[in-house]
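**Q** fold the following and give me the result.
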Amino acid sequence: MVKKNLYSLDQKALIEVKVPAHQNACLVISSPHSGRNYNPKFLSSSRLDCLAIRRSEDPYVDKIFRNVINMGIPAIYALFPRAFVDPNRGLRELDPKMFKGRIPNIDFSSRAAAGFGVIPRCVASGEEIYSKPLPAIEATRRIDAHYKPYHNRLSSLIEKTLLKFGQCLLLDCHSMPSSTFGFKDINKSNKKDIILGNRFGKTCAPEILEAAKTILIDLGFSVAVNDPYAGAYIISHYGKPQNKVHALQLEINRELYVNEKTFTPLPALDTVSTKMLCLVKKLGQAIT
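**A** Predicted structure coming up:
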């Protein structure tokens, strides 16, 4: 699989942007963590095998939302892996301890300290990715080649949508491991299919969040709001309800559509995709 997805400096291999000929709703879809194009040099520099590194992926979220283009809705997908660069972090969220050399203007956030900065030190399971420090220039290279182009294109999609419709809803799409809810919950009574996040009301108007929640419940999903995921950098950065730009994070429980041990998609992926497209369609109708 890795050999068929070799890294390329061609930005077409790093980011995929789908823009319809005619945009029909004030939505933009973002999938920043479903990239599967692994740089062989990156893999060889890691102390982990490919499957362990993939624990940071939001597997196949891009496939789940692939057909929104046919509904007249633009979408952006990162093709580079989250373990290499994480677009859902601030530009300066770096851990200086993982680099050899000085990096100026670092924002040593709690996420960076934990190993989950814009250049991650750890995969989602907490395992260290590298056996030795990276050159400081590597952070600049990855940010310039991956992070900035992703955000430049995402910003453009939001601005064009706002200009056309007078408002925009960014739906930032992710997946979550089923273990999020704990292994001791034998009856799985606390386990949810979907988590919606709007930073506790800061990034998206409550009526939009409630509309999304109602649609999802009608589609047969169990839904929680802002617990345990309230959203991270992308919705915090772009979500400005006072400026008519709303941003909502959506997390899908992986056990609904993928084998979490092998990362092999299940037949149910098509069903989840159909329901997510229904969500997008109805949400677009509700707010446009």
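**Q** now do the helices in the stretch 51-200 of the chain.
**A** According to DSSP state H, counting those that start in this stretch, the stretch 51-200 of the chain carries its helices in the segments 61-64, 110-113, 136-142, 148-165.
**Q** helices or strands up against the last one?
**A** What that stands for is helix 148-165. Under the contact criterion of 3 or more CB pairs under 8 Å, 6 or more residues apart in numbering; DSSP states H and E, helix 148-165 touches strand 15-18, strand 27-31, strand 75-78, strand 168-176, helix 233-238. The C-beta positions use only the backbone N, C-alpha and C, and glycine is treated the same way.
**Q** give me the buried positions along that helix.
**A** Pro149, Tyr150, His151, Arg153, Leu154, Leu157, Ile158, Thr161, Leu162, Phe165 (16 or more other CB atoms under 10 Å).
**Q** ok, which pair from those residues is furthest apart?
**A** Pro149 and Phe165 (24.8 Å; CB to CB).
**Q** now Phe116, nearest residue through space, not along the chain?
**A** Cys122 (6.5 Å; CB to CB, 6 or more residues apart in numbering).
**Q** beta partners of that neighbour?
**A** Per DSSP bridges, the residues bridged to Cys122 are Glu128.
**Q** returning to what we had before: closest to Pro81 among the buried residues of helix 148-165?
**A** Tyr150 (12.7 Å).
**Q** retrieve the pLDDT associated with the closest one.
**A** We have a pLDDT of 98 for Tyr150.
**Q** what residues does it make contact with?
**A** Residues near Tyr150 by CB atoms under 8 Å, 6 or more residues apart in numbering: Leu14, Ile15, Pro32, Ile76, Ala78, Pro87.
**Q** please determine how far the fifth one is located from Pro87.
**A** Going back to what we said before, that points to Ala78. Computed as CB to CB, to the nearest Å, the Ala78 to Pro87 distance reads 6 Å.
**Q** if you count what's nearby, which of these two comes out ahead?
**A** Applying other CB atoms under 10 Å to Ala78 and Pro87 shows that Ala78 carries more neighbours, namely 29 against 26.
**Q** what's the closest non-adjacent residue to the more buried one?
**A** In space, Ala78 is closest to Gly35, 4.5 Å off (CB to CB, 6+ apart).
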